[in-house]
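Engineer: Using only what follows, build the 3D model:
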Amino acid sequence: MRPTFVLVHGAFANSFSFAPLQAELGLLGHRSVAVDLPGHGFAATYVRAYQAPQDLAGLATAPGSIKGVTLADNAAHLIGILERAKENGPVILVSHSRGGVTATAAANARPDLIDRLVYVASWCPVELDVAGYYAEPEMATVDVASLGLAAAGNPAELGLLRVNFRTADPDALAALKAAFLADGTDEEFLTFLNTFQPDENLDAGTSADRARAATWGSIPKTFVRLADDASMPLALQDRLIREGNALTPENPYDVRTLEGSHLKWLTDPAPAARVLGQLAALTTE
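Structural biologist: Numbering: from 1, shown residues only. A predicted model of the protein is given here:
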């Protein structure tokens, strides 16, 4: 039976960003489901202060529905989707960026629901929590301060992360483009930026949510490296691969590489769809 691809988005993203990839997968004959984690997609908050003309003071203080959403909530939601998908045959769980934390938590809890894990420049913490990796040498080239130029409000007071992706600040826009889609046109970048939602939850997991050898480590897994990713540098991707392989040396990552930035595989999805198609063939052998 053909597997179902279950696609998990990263921070501030949602299922909408997978539409071009799903079109390519469908044209290759593959079935896919794009997930909206709790507080994402049509459950996201878009406050009036975010509309034009913007009310920046109001944007900094308006409440958001994603406040209080935890990694456990995300994992439980994903597990529910995996249970339904598994009724139709094999399941390939594909995560991008911060979505890898949720995928890893689900794999720790229910490895029986997943026939292959695929991380596309995606977080799979092994030795450290996600925040801990930002202090490591592999992340030294990431300009966190510049990425913060579009931040709105105090996360401690809001109980969530908020970014004004509709900013017109040229420095903030330049920093976001350099980090996520430096190899795209300005038009592609602004279009993608408008698929992002302003709010994200605070919980990226603790040491209890790192990959576990007995469960996560029992699942065949692939890491798709993004060669020109500036927000998750190749050095960090390779470190996550090494750590995962050291945790389960009998079940190492199958490693693939795509050219392009953090978002290029979603704006130009044909190469990624072909790689995923190859993994589907492996899963049904």
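Engineer: need the helices for the stretch 151-285 of the chain, in chain order.
Structural biologist: Counting by DSSP state H, counting those that start in this stretch, the stretch 151-285 of the chain has helices at residues 155-158, 170-180, 186-193, 234-247, 264-267, 270-283.
Engineer: okay if I get those as CSV plus mean pLDDT?
Structural biologist: CSV is the format used below for the helices of the stretch 151-285 of the chain (pLDDT from 0 to 100):
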stretch, mean pLDDT
helix 155-158, 96
helix 170-180, 96
helix 186-193, 96
helix 234-247, 98
helix 264-267, 98
helix 270-283, 96
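Engineer: Mean neighbour count, the ones you listed: which tops it?
Structural biologist: Comparing the helices of the stretch 151-285 of the chain by mean neighbour count (mean count of other Cβ atoms under 10 Å), helix 264-267 ranks first with a mean of 22. (Glycine included, C-beta is placed from N, CA and C.)
Engineer: any idea whether Phe12 is helix, strand or coil?
Structural biologist: Here Phe12 is coil, with the state taken from DSSP: H, G, I helix; E, B strand; the rest coil.
Engineer: Next up, the contacts around it.
Structural biologist: For Phe12, the contacting residues are Leu161, Val163, Phe165, Phe196, Gln197, Pro198, Asp199, Glu200, taking Cβ atoms under 8 Å, 6 or more residues apart in numbering as the criterion.
Engineer: quick one: secondary structure of Leu7?
Structural biologist: Taking three-state DSSP, the label given to Leu7 is strand.
Engineer: Thought Ser15 was touching it, still the case?
Structural biologist: Yes. Between Leu7 and Ser15 there is a contact at 7.4 Å, judged by Cβ atoms under 8 Å.
Engineer: residues shared between the contacts of these two?
Structural biologist: When contacts are counted by Cβ under 8 Å, 6+ apart, the set common to Leu7 and Ser15 consists of Ala34, Val35.
Engineer: Going by neighbour count, list what's buried in the longest helix along the chain.
Structural biologist: Among the elements of type helix in the chain, defined by DSSP state H, the one spanning the most residues is helix 71-86. Burial within helix 71-86, assessed by neighbour count using 16 or more other Cβ atoms under 10 Å, is assigned to Leu71, Asp73, Asn74, Ala75, His77, Leu78, Ile79, Ile81, Leu82, Ala85, Lys86.
Engineer: and it, what's its mean pLDDT?
Structural biologist: The average pLDDT within helix 71-86 is 98.
Engineer: Now the element after the helix or strand hosting Ala107, going C-ward?
Structural biologist: When elements are assigned from DSSP states H and E, Ala107 belongs to helix 99-109. On the C-terminal side of helix 99-109, the closest following helix or strand by DSSP H and E is strand 116-122.
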